[in-house]
Every structure is written in structure tokens, then in C-alpha cells.
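# Requesting a structural model of the entry that follows:
(one chain, ligands or ions: 2)
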Amino acid sequence: MKPFQFIRPDSADTALDAISAENAKFMGGGTNLVDLMKLQVETPDSVVDIHRIDMGGFSETEESGLRIGADVTNTALANHPKVRKDYRVLSEALLSGATAQLRNRATTGGNFLQRTRCYYFMDTTRPCNKREPGSGCAALDGPSRIHAILGASDHCIATHPSDMAVAMAALDAQLHTRKPGGENRTIAATELHRLPGDTPNIETVLDSDELIESVTLPQPIGGTHIYRKVRDRSSYAFALVSAALVLKIHDGKIETVRLALGGVAHKPWRAAKAEKCLAGAEANDENFRAAAEAELADANSKGDQTFKIELTKRTIVAALSEAADRENAA
Ligand SMILES: Cc1cc2nc3c(=O)[nH]c(=O)nc-3n(C[C@H](O)[C@H](O)[C@H](O)COP(=O)(O)OP(=O)(O)OC[C@H]3O[C@@H](n4cnc5c(N)ncnc54)[C@H](O)[C@@H]3O)c2cc1C
Ligand code: SF4
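Ligands and ions are numbered 1, 2, ... in the order given. Now for the predicted structure:
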């Protein structure tokens, strides 16, 4: 590992001073950053550990939503009573990810910003436009079954690996950030990550010195919440495909639907086309399949990912069917 300076500020202001240094990185739980530093994929000159900063924990917002400090661990977030009751899809997504030990350490901010699990990105002997712009994309010529089927480019076909961020996208969460000099801004979870285009090295709309301080969830919308994750083994594995769903049915018709997909794109994929098809429609398998077809109409595979197109459609239909059964039984 390359030598680096380790800085442990005790306030957001001192952290923002420290991050202004050249080639500095924030560290939340370190479960992704430190792994990548060991692989020489990340090579910061200084690491700014944000653990000692009080980011406010949990509180209820004025709109009866939930504010979550960016340093809240994945375990604490998954188990918070209001998350379990009102934002269950988020709790299920978090508990489907990684392991208990990792979740005890990983933070809300760090989970959003974890890097892709593309094998070639993590192997510095292989070309990768994300790690080294202009070097090429090894995934286009090698095994690539975990790669993207939506929104990919000829420069990068990586996927975003987070489960939590998919549920956050479905729930219309917002991130609140701060930059050196005190500038604050709010970013919708659906707008945080970028598609790769010809600059896959730029993964989010955040500046390199921008600190995520908190995340807010809007007023609960009720309904049935489901996080359905399809993976190669039933634990300790990232999603091949996942669906975060909130569904509310009234008199056999869909009153509310929020759907986001994981494992399919460079960002958590809010399924706007499927939502449009489903709004106000009869809750039946034919309409569920039509919505899945509409969402995947532009899907394509640049390698070994072809199977994921049908898998994603089936995952959407299965999540909708399960949620509809539960709604109808309630
Ligand atoms: C074996 C293994 C299995 C895993 N399985 C899954 C899985 O199934 N599903 C899943 O979703 N995840 C999985 N993970 C990934 C895990 O969830 C992430 O490593 C973790 O969420 C990252 O959080 P962290 O706080 O440790 O981030 P860090 O490693 O500390 O940071 C990650 C990135 O975020 C930046 N950062 C951190 N906090 C902030 C902040 N507040 N503001 C601005 N930038 C910040 C850092 O600079 C860094 O670039 C797995 C990880 C491992 C090692
Ligand atoms: S898919 Fe993206 S991350 Fe993977 S090798 Fe290609 S450019 Fe790099």
C-alpha cells in the first residue's frame, strides 16, 4: 500500500479543511476504500477519517420523514424502528448486503459512494477507462456476466453495486452535502450517480471535496415494501439483479408504485417507464409483464450479460406479483 497521511478531524469544518489538500479522500467505514488502497486502485495522499464528526444521527424531519446522519452504520439504519416500519424496502436492502461485520462498520455515505465490483477495475494489470481514462475497457473482451444492460457505453459497462442506494432511489431520498467554504446543496438520490458516457471515471455529481452530511427520507407513503435480490449465492454476494419496490393497491388498481433496479446499470436505475405503465392499471400479471418489457425495451448486452435482460424482467414481475398478493391479503 502506498504511504498516506491519516487525518482524524473532530468537526465537519476541520474535515473540509483537510479534504482541500491535493489527492485527499474521505473515509467512512473504510470497507471499500481501504480494500481498494490495498489493491493500489485508490492511491490517496491523505485519508480523512470522518468517524469523530457528529453528523446528527437520526431525527424526524418537519415533514414527518427521517433524517439520517451520513456516518450512521448500515446496521443501525437497517434496524431503526421507523425504517423497519415505514421504509421497510430500505431495511431489507441493507440486510441483504455484505455481512453483519461489514454492515456494523459501513456507513450510509460510504455505501452510496462504494465503487464498482467490475473485476478489471480492481485489477491494475488490466485496461480500465474508469481507473485510467483512455486505457480501454477490458470487460468488453472478457467475462462480463455481472455487467450492465441499461445505460452502458462503449467506454464502460460497469454496474453500481449498492443495494442500499437502490432502495434510496425508490424512496426518493435526498442527500445533503457541504463543501469547503460552507456551500450546502441537496441532491436527489436518483441524480447522485452518473451514467458512464465517455467519462466513466466521473461516477457521481459530487465534487471531490464535497462531504455527504446527511440523507433524508420523505414522509412515509405506506404500501407494501419489497427488496428482491437475485444473486449467485444466498449471502455474501452482490446482486446480479435487484428490485426495490413500494406498491399500493386500491380496488384492484395500482394507486402508488415506486420501482428501482440494481445490478443493471452504472447507477441505481429508477424504473420510470415501468412506473408509468403501472400507474392506475389493474394489478395483474399481464400488466406487470408489459411494464417490465417497457422498462427493458432499450436494454442491450455488450458481452455475457444477455441473460440479465430476461432475468431483470422476471425479477420485476416476481416482485410486483408478491407485493400485489400481500396488498390484496391486507
Ligand atoms: C466482501 C464484501 C461484500 C459486500 N457485499 C455487498 C452487498 O452485497 N451489497 C452492497 O450494497 N454492498 C456490499 N459490500 C460493500 C459495502 O456495502 C461497502 O463497502 C460499504 O457500504 C462502504 O461503506 P464505507 O462507509 O465502509 O465506505 P468507505 O470505504 O469508507 O468509503 C467508500 C467511498 O465513499 C467515500 N465517502 C465515505 N463517506 C463519505 C461521506 N460522508 N462524504 C463523501 N464521501 C464519502 C470515500 O471517500 C470512498 O470513496 C460488500 C463489501 C465487501 C468487502
Ligand atoms: S466496465 Fe468500466 S470499470 Fe470495468 S473495465 Fe470497463 S471501464 Fe473499467
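# Run through the residues that contact L66.
Contact analysis of L66 by Cβ atoms under 8 Å, 6 or more residues apart in numbering lists F58, S59, E60, H80, K82, V83, D86, Y87, T216, L217. Quick note: C-beta positions are derived from backbone N, CA and C, even for glycine.
# In the stretch 51-200 of the chain, which residue sits nearest ligand 1?
Closest to ligand 1 within the stretch 51-200 of the chain is G110: 2.1 Å, counting by Cβ to the nearest ligand atom.
# How confident was the prediction at that residue?
G110 carries a pLDDT value of 98.
# Report the separation between it and H250.
Distance, G110 to H250, using Cβ to Cβ, to the nearest Å: 39 Å.
# Looking at these two, which is more packed in?
Between G110 and H250, G110 has the larger neighbour count (other Cβ atoms under 10 Å), namely 24 against 10.
# Would you confirm that the more buried one contacts D35?
No. Applying Cβ atoms under 8 Å as the test, G110 and D35 come out as separate, 11.7 Å apart.
# Tell me who's in contact with the nearest residue to L247 once chain neighbours are set aside.
Among residues not flanking L247 along the chain, A323 sits closest, at 4.0 Å (Cβ to Cβ, 6 or more residues apart in numbering). Shown in contact with A323 (Cβ under 8 Å, 6+ apart): G223, T224, I226, L245, L247.
# so which of these comes closest to ligand 2?
Looking across the contacts of A323 and measuring by Cβ to the nearest ligand atom, the closest to ligand 2 is L245, at 27.4 Å.
# What residues sit buried inside stretch 18-37?
Residues 18-19, 24-33, 36-37 are the ones in stretch 18-37 that count as buried (16 or more other Cβ atoms under 10 Å).
# same deal with stretch 315-330?
The neighbour-count check on stretch 315-330 (16+ other Cβ under 10 Å) flags T315, I316, V317, A318, A319, L320, A323, A324, E327 as buried.
# tell me the pLDDT at the second one?
Among the per-residue scores, I316 holds a pLDDT of 98.
# now swap in the fifth one and tell me
In the prediction, the pLDDT value recorded for A319 is 98.
# where does it fall, helix, sheet strand or coil?
Secondary structure state of A319, per DSSP: H, G, I helix; E, B strand; the rest coil, is helix.
# Surely it and L245 touch.
Yes. Taking contacts as Cβ under 8 Å, A319 lies within contact range of L245: 4.7 Å.
# intersection of neighbour lists for those two?
I226, R228, L259.
# pretty sure the last one is touching Y227, no?
If I follow you right, that is L259. No. Applying Cβ under 8 Å, one finds L259 not in contact with Y227, separated by 11.2 Å.
# how close does I309 get to L296?
In this view, I309 and L296 are 6 Å apart by Cβ to Cβ.
# just the buried residues of stretch 18-37 that are near ligand 1?
Contacts with ligand 1 within the buried residues of stretch 18-37, as defined by Cβ under 6 Å from any ligand atom: K25, F26, M27, G28, G29, G30, T31, N32, L33.
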